[in-house]
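Asker: I would like to see how this sequence folds:
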Amino acid sequence: LILSDVMMPVLDGFGVLGAVRSDAELSNTPVILLSARAGEESRIEGLEAGADDYLVKPFTARELLSRVNNHLRMAGMRREAMEREACLRAEAENERQRLREMLAQAPAAIGVRSGPVHRWTFVNENYRRWTVRSRTADFLGKTIRESLPELKGSGFWELLYEVYRSGRPYVGREQKARLRSGPVEAFEPQYFAFVSQQLRDAQGQVEGVLVHAVEVTARVEARMVMLKPEKRTALIDAVYLAVDKLKEAKYDRKALLIISDGGDNRSRYTEGELRRAVRESDVQIYSIGIFDAYAPTPEEQTGPLLLA
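Answerer: Numbering: from 1, shown residues only. Predicted structure coming up:
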């Protein structure tokens with residue numbers, strides 16, 4: 001604690017106070033100004049200058065000791081509070097660092113984007129490797145549009161913007177994306193199972209979006225290779241893949257014509273997954289049903305509902 005008279009030669013009490021508050025090591029030290037200048041204006045002037053207290057002369061030793069003890073006690077409480085805050089901040093930073101290390105080593109592609117423009121603040125090595133970038137710095141500080149231009153027109157950008165806006169997570173089970181496979185000009189289709197989840201700060205405000213993705217290309221391709229007709233129909237699979245293929249069409253208007261009895265007894269994709277894929281696409285679908293009115297199979301009986 002510092003006791004300083006206001007009226008002093010060369011350097012007065014206000015000068016001492018200014019020097020203390022501008023020093024990083026002394027700035028939190030309590031300062032009590034002593035002055036013969038009475039009146040409310042003088043007291044307010046001292047407090048506004050940064051003094052913890054302003055004591056007008058004459059005063060008794062008991063009054064001075066009482067003020068000093070009170071400010072020493074408050075300074076001790078402030079110091080303890082600052083130490084606790086520093087400790088909590090250090091613990092929080094350690095937790096964040098441990099979390100980042102876990103995300104960096106996770107066997108999945110993980111990325112974190114901040115703000116409504118989706119600017120990258122973190123990507124792990126798997127994310128960099130699966131998008132065929134040379135370093136994680138190719139993402140950090142850039143927006144998703146700047147870092148992954150090959151996703152233009154795929155619907156991914158709009159999907160992630162909607163997660164940030166609405167707060168509803170998005171789960172993609174076998175989502176197709178065309179990412180780099182070497183040179184900038186070479187893009188190969190890949191399939192991912194991923195979750196996109198909104199992130200919030202301590203006050204509950206939206207601050208970004210986290211993406212956790214696992215590549216399932218090999219599983220999808222193996223399943224497609226293993227499919228055998230065996231006098232069965234995989235209509236839902238065919239339509240699902242056709243809608244996905246039409247994303248690569250060069251014209252804005254896209255249409256798909258289905259000529260079928262509507263029967264399906266072989267598809268791996270579900271009707272719900274197909275309907276979701278159609279809703280997220282810009283493909284206009286037309287269907288022509290060919291039905292056997294006399295001896296329909298069980299699949300043909302449900303065909304009109306499916307084609308509808």
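Asker: And for the residue lying closest to residue 281 once chain neighbours are set aside, the neighbour number?
Answerer: If you skip the residues right next to it in sequence, residue 281 has residue 243 as its closest partner in space, 5.1 Å away by CB to CB, 6 or more residues apart in numbering. Where you see a C-beta, it was placed from the backbone N, CA and C, and this is true even at glycine. Under the neighbour criterion other CB atoms under 10 Å, residue 243 is assigned a count of 19.
Asker: so who does residue 243 touch?
Answerer: Residues touching residue 243, when contacts are defined by CB atoms under 8 Å, 6 or more residues apart in numbering, comprise 256, 274, 277-278, 281, 283, 285.
Asker: Quick one: distance of stretch 133-152 to the chain centre.
Answerer: Averaged C-alpha coordinates place stretch 133-152 at 15 Å from its chain's average position (CA atoms, centre = their mean, to the nearest Å).
Asker: Stretch 29-40 too?
Answerer: Distance of stretch 29-40 from its chain centroid, counting by CA atoms, centre = their mean, is 51 Å.
Asker: And for stretch 19-29?
Answerer: Remark: stretch 19-29 is offset 39 Å from the chain centroid, using CA atoms, centre = their mean.
Asker: With stretch 204-216 instead?
Answerer: That offset, for stretch 204-216, works out to 5 Å (CA atoms, centre = their mean).
Asker: rewinding a little: just the ones of the contacts of residue 243 in strands?
Answerer: By the criterion of DSSP state E, membership of the contacts of residue 243 in strands covers 256, 283, 285.
Asker: would you list these in JSON lines and tack on pLDDT?
Answerer: Conversion of those to JSON lines gives the following (pLDDT from 0 to 100):
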{"residue": "256", "pLDDT": "88"}
{"residue": "283", "pLDDT": "87"}
{"residue": "285", "pLDDT": "86"}
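Asker: Highest neighbour count among those residues?
Answerer: Ranked by the number of neighbours (other CB under 10 Å), the ones in strands among the contacts of residue 243 place residue 283 first, at 19 neighbours.
Asker: Quick check: that residue touching residue 254?
Answerer: Yes: in this structure, residue 283 sits in contact with residue 254. The criterion is CB atoms under 8 Å, and the distance is 4.7 Å.
Asker: which neighbours do these two share?
Answerer: Contact with both residue 283 and residue 254 is made by residues residue 246, according to CB under 8 Å, 6+ apart.
Asker: Look at residue 32 and give its secondary structure.
Answerer: Secondary structure assignment for residue 32 (DSSP: H, G, I helix; E, B strand; the rest coil): strand.
Asker: Skipping adjacent residues, who's closest to it in space?
Answerer: With CB to CB, 6+ apart as the criterion, residue 32 has its nearest non-adjacent residue at 4.5 Å, and that residue is residue 53.
Asker: Surely that neighbour is in contact with residue 66?
Answerer: No: taking contact to mean CB under 8 Å, the distance of 10.7 Å between residue 53 and residue 66 leaves them out of contact.
Asker: Between these two, which is the more surrounded one?
Answerer: More crowded of residue 53 and residue 66, by other CB under 10 Å: residue 53, with 18 against 12.
Asker: Next, give phi and psi for that one.
Answerer: phi -160, psi 160 (degrees, to the nearest 10).
Asker: before we move on, the earlier item: host element of the residue nearest to residue 281?
Answerer: helix 235-245 (DSSP states H and E).
Asker: What are the buried residues along that helix?
Answerer: For helix 235-245, a neighbour-count test (16 or more other CB atoms under 10 Å) marks 235-240, 243-244 as buried.
Asker: Any regions of the stretch 101-250 of the chain where pLDDT drops low?
Answerer: Under the criterion of pLDDT under 70, the regions of the stretch 101-250 of the chain flagged as low confidence span 178-189, 223-233.
Asker: So which residues of it form helices?
Answerer: With DSSP state H, counting those that start in this stretch as the criterion, the stretch 101-250 of the chain has helices at 125-130, 144-147, 156-166, 217-226, 235-245.
Asker: how about those, which one is nearest residue 4?
Answerer: Between residue 4 and the helices of the stretch 101-250 of the chain, the tightest spacing by CB to CB is seen for helix 156-166, at 54.2 Å.
Asker: biggest strand in this structure by residues?
Answerer: With residue count as the measure and DSSP E as the assignment, the chain has strand 187-200 as its longest strand.
Asker: So what touches that strand?
Answerer: Taking CB under 8 Å, 6+ apart as the criterion, the residues outside strand 187-200 that touch it are 109, 112, 130, 150, 159-160, 163-164, 167-181, 206-217, 219-221.
Asker: Kindly recompute the last result at 6 Å.
Answerer: By CB atoms under 6 Å, 6 or more residues apart in numbering, the residues outside strand 187-200 that reach it are 150, 160, 163, 167, 169-179, 181, 206-217, 220.
Asker: In its sheet, which strands sit next to that strand, and in what direction?
Answerer: Strand 187-200 has the following sheet partners, assigned by DSSP bridges: strand 170-180 (antiparallel), strand 206-215 (antiparallel).
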